[in-house]
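Enquirer: here is a sequence with its predicted model. Questions after.
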Amino acid sequence: MSTIDIIIETPRGSVEKYDFDPKLHLMKLKKILPAGMVFPYDFGFIPDTKGEDGDPLDIIVLSEFHSFPGCMIECRLIGCIEAEQSEKKDSPKMMRNDRYIGVPPISQTYGHLDSIKNLPDGILDELQQFFINYNKVEGKDFKIISLVDAKESKKMLKSSKK
């Protein structure tokens with residue numbers, strides 16, 4: 001099964017949200033999450049892609065380990081959370097901002113998975129609730145459109161390549 005290379009911006013368990021600055025080629029601290037809120041898994045982007053928001057496509061990496069900002073990880077896409085998000089704080093205008101889901105083949109816990117349909121109970125709900133609450137803290141809405149399997153997410157990814 002084919003893999004893609006992704007770049008981690010924010011590691012699992014982090015309260016700090018980092019963004020890659022393409023002009024400086026460095027990670028930049030963007031914000032601090034409120035007390036009690038942490039990233040449930042490594043969060044990053046898929047290089048050479050572009051979403052509706054103008055940024056590279058987002059990906060959450062399911063694994064038992066946490067990495068570090070700037071780390072490149074080989075992943076297999078297992079699905080996607082198709083979603084819309086407020087463009088700005090308190091804005092009624094919504095734009096697509098999907099969250100792809102990947103697993104590193106080297107992961108002993110998740111590396112065998114090939115579809116979000118095979119995820120252990122509760123993980124998809126945890127991810128959806130995290131993104132809803134993460135945006136709510138910023139005064140933004142995050143609405144889930146649908147859950148997409150691996151095959152369809154790969155097609156979506158191809159259409160987003162720069």
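Expert: Cool, the structure landed. Numbers count the residues shown, from 1 in each chain.

Enquirer: average pLDDT for the longest strand seen in the chain?
Expert: In the chain, assigned by DSSP state E, the strand with the most residues is strand 72-86. Strand 72-86 carries an average pLDDT of 96.

Enquirer: buried sites along that strand?
Expert: Buried positions in strand 72-86, judged by neighbour count with 16 or more other Cβ atoms under 10 Å: 73, 75-86. For every residue, glycine as well, the C-beta is placed using N, CA and C.

Enquirer: again, but for stretch 90-101
Expert: Met94, Asn97, Asp98, Arg99, Tyr100, Ile101.

Enquirer: over to stretch 41-61?
Expert: Result for stretch 41-61 [16+ other Cβ under 10 Å]: buried residues 41-46, 49, 51, 56-61.

Enquirer: and stretch 125-140, by the same measure?
Expert: Buried, per 16+ other Cβ under 10 Å, within stretch 125-140: Leu127, Gln128, Phe130, Phe131, Ile132, Tyr134, Asn135, Lys140.

Enquirer: and the longest strand of the chain, which strands flank it?
Expert: strand 4-10 (antiparallel), strand 94-96 (antiparallel), strand 99-103 (antiparallel), strand 142-149 (antiparallel) (DSSP bridges).

Enquirer: top helix in the chain by residue count?
Expert: Scanning the chain for the longest helix, with DSSP state H as the assignment, gives helix 123-137.

Enquirer: between that one and strand 142-149, how big is the angle?
Expert: Angle, helix 123-137 to strand 142-149, by axes from the mean of the first three to the mean of the last three Cα atoms, to 10 degrees: 150 degrees.

Enquirer: circling back: include distance to Asp121 and pLDDT when you put the buried residues of stretch 125-140 into TSV, please.
Expert: Formatted as TSV, those follow (distance: Cβ to Cβ, whole Å; pLDDT from 0 to 100):
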residue	distance to Asp121	pLDDT
Leu127	13	95
Gln128	13	94
Phe130	16	96
Phe131	19	95
Ile132	19	95
Tyr134	22	93
Asn135	24	92
Lys140	28	91
